[in-house]
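K.L.:
Generate a structure from the sequence data that follows.
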Amino acid sequence: EQSYLAPAFMPAYYDEKKKAKDPAYAGSEEVKAKARADLTFTLDLMESTLSSANAPYLVGVFSLADLTMLCYFQWFEPLGFADEISKRPALATWWELCSQRESWKFSIGQEVYKLPAPDA
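P.N.:
As a prediction, this is how the structure comes out:
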């Protein structure tokens, strides 16, 4: 799925980054609309995979496949694509489950781990 998702997703991501760097640039609704349409195949495939599985993750257990996708999915809300997740129930459950993992929160800076004090 990643090989299909990246080409569909990246134009919208780069457009958003351009908008952030250039206050005069309003962003391209055409780019976002095309990305949204192009993402449909991959998101529907993920929904089908997750719906038919007896496990909550893409390959049964949390794996590199899930981690790879999380890197893209963290941008769906800032890009205005959150509804593309919420309208797919199995995908929404997967996103909720994955994004609540402590390791994921730590990796994106939402949670800071404090190491225990060494025994003196």
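K.L.:
Tell me the secondary structure at Ala55.
P.N.:
coil (DSSP: H, G, I helix; E, B strand; the rest coil).
K.L.:
That one and Pro7, how far apart?
P.N.:
Applying C-beta to C-beta, to the nearest Å, the value for Ala55 to Pro7 is 28 Å. Heads up, the C-betas are built off the backbone N, CA and C, glycines and all.
K.L.:
Select the helix or strand of this structure having the lowest average pLDDT value.
P.N.:
Lowest mean confidence among the helices and strands of the chain (mean pLDDT, DSSP states H and E): helix 102-107, at a mean of 85.
K.L.:
any low-confidence regions in the protein?
P.N.:
1-2, 110-116, 120 (pLDDT under 70).
K.L.:
try it again with 80
P.N.:
Within the chain, the ranges that satisfy pLDDT under 80 run 1-2, 110-120.
K.L.:
hang on, Gly60 in a strand?
P.N.:
Yes. The assignment for Gly60 (three-state DSSP) places it in a strand.
K.L.:
what about the spatially closest residue to it that is not a sequence neighbour, how many neighbours?
P.N.:
Among residues not flanking Gly60 along the chain, Ala53 sits closest, at 6.6 Å (C-beta to C-beta, 6 or more residues apart in numbering). Ala53 has 14 neighbouring residues, counting by other C-beta atoms under 10 Å.
K.L.:
Test my guess that Ala53 contacts Val61.
P.N.:
No. At 10.7 Å, Ala53 does not count as touching Val61 under the criterion of C-beta atoms under 8 Å.
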